[in-house]
Structures are given as structure tokens and as C-alpha cells.
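Visitor: Model the structure of this input:
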Amino acid sequence: MAQVIIALGSNLNDPHQQLKTASDFLADLSTSKLKKSSIYRSEPVGPSKKDFLNAVAVIETELEPFELFEKLKEQEKKQGRPSRYPKWTARTLDLDIIAWDHLVIETDTLIIPHQEYTRRLFVLLPLKEVLPDWKDPISAQHVDELIEQAPSLEIDKTKLNW
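Guide: Reported below is the predicted structural model:
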């Protein structure tokens, strides 16, 4: 049984509903009760003009990493995300595997831990909420240290409910 951290993000087609639908999907995948952060609103990184809604969920799964990755991509597509898209653009749904226990994978299609999460407050702040003592599997840095080192970003916890 593996503990997997997944980041959720959306800024198109009713982002709040997109996250709720994705949360239901992740709850169905998880072999234990889904842990999820509050929903955060953050400014876009890159060319997108609309703010994003972001959250982090923690699932437990017996799936292999590539199986889960494929299921996440299928769900993104089901929720309206095209299979090809420019980096950092607006999107209906983004589901990223951030970490998988202490596993390290680096292939052309899948990198775990996610190579950019340490620079993303929209991942780190929700991550700290659900796993306050979490440490990076490579650097062993505590989530608090990662938050201190991350580039600044306009981000706020919302009052939106799951």
C-alpha cells in the first residue's frame, strides 16, 4: 500500500466543480479515506490570465505508479482537458503526482517526486495542511523549509467547501 500525494488545479469551466469532481474520482481510487486540504486560490504562473483553484489530496493505493499516472490523465481528459496543451496555460483540470512514499522515479513520462513542486506555493501550502510533518524524499527538507524557499505567489485559502 502506497501513500501518494496528488496536487489538483483548475481555472476553467467552473473550477470549484472541477476540483469536487476530481476529489470524488480520487476518493474512489483510494483504498482508505481521502485526505484533502482546503481549496486555495492562487494567481496563475505563466501566460494564463485567470486565477487557479488548487488543493492537495493524499490517497492510499495498490496501483503501480504508471497505472495511477494513466488513470489521472484519463480523468483530466474526461473533465475536458485536451491531451496536448502548452505549458502553464489555463486548464479545466490538472492532476499531478507530487510524491509516492519515498519512491524516486525518473523516466520520459513520469518523474516522482514532481520536479517543480518545491517552487509552487500552491502545492506546498495545501501539502503542509494535510501532512504538516512531511519531508521531501530526496532532500529530506521539511515542508516548512520548502515553503520558506519557494518563490512568492499571491495565494489565499478560500472558504469553498468540498
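
Visitor: Check which helix or strand residue 19 maps to.
Guide: Using DSSP states H and E, the element containing residue 19 is helix 15-29.

Visitor: Any chance you could list what contacts that helix?
Guide: 6, 8, 10, 12, 34, 36, 39, 52-53, 55, 57, 59, 61, 63, 68, 71, 75, 79, 92-93, 95, 160, 162 (CB atoms under 8 Å, 6 or more residues apart in numbering). Backbone N, C-alpha and C define where each C-beta goes, glycine included.

Visitor: Please pick the buried ones from the residues you listed.
Guide: 6, 8, 10, 12, 34, 36, 39, 52-53, 55, 57, 59, 61, 68, 71, 75, 79, 92-93, 95 (16 or more other CB atoms under 10 Å).

Visitor: So which of the residues you listed belong to strands?
Guide: Cross-referencing these against strands under DSSP state E gives 6, 8, 10, 36, 52-53, 55, 57, 59, 61, 95.

Visitor: quick check: angle from the helix holding residue 19 to strand 52-61?
Guide: On the basis of axes from the mean of the first three to the mean of the last three CA atoms, to 10 degrees, helix 15-29 is oriented at 0 degrees to strand 52-61.

Visitor: Can you show me the helices along this structure?
Guide: Under the criterion DSSP state H, helices of the chain are mapped to 15-29, 65-78, 121-130, 143-149.

Visitor: Is it correct that residue 151 is in contact with residue 118?
Guide: No - Residue 151 is not in contact with residue 118 according to CB atoms under 8 Å; the separation is 10.0 Å.

Visitor: Compare those two and say which is more crowded by neighbours.
Guide: When residue 151 and residue 118 are compared for neighbours, residue 118 comes out ahead with 21 against 9, by other CB atoms under 10 Å.
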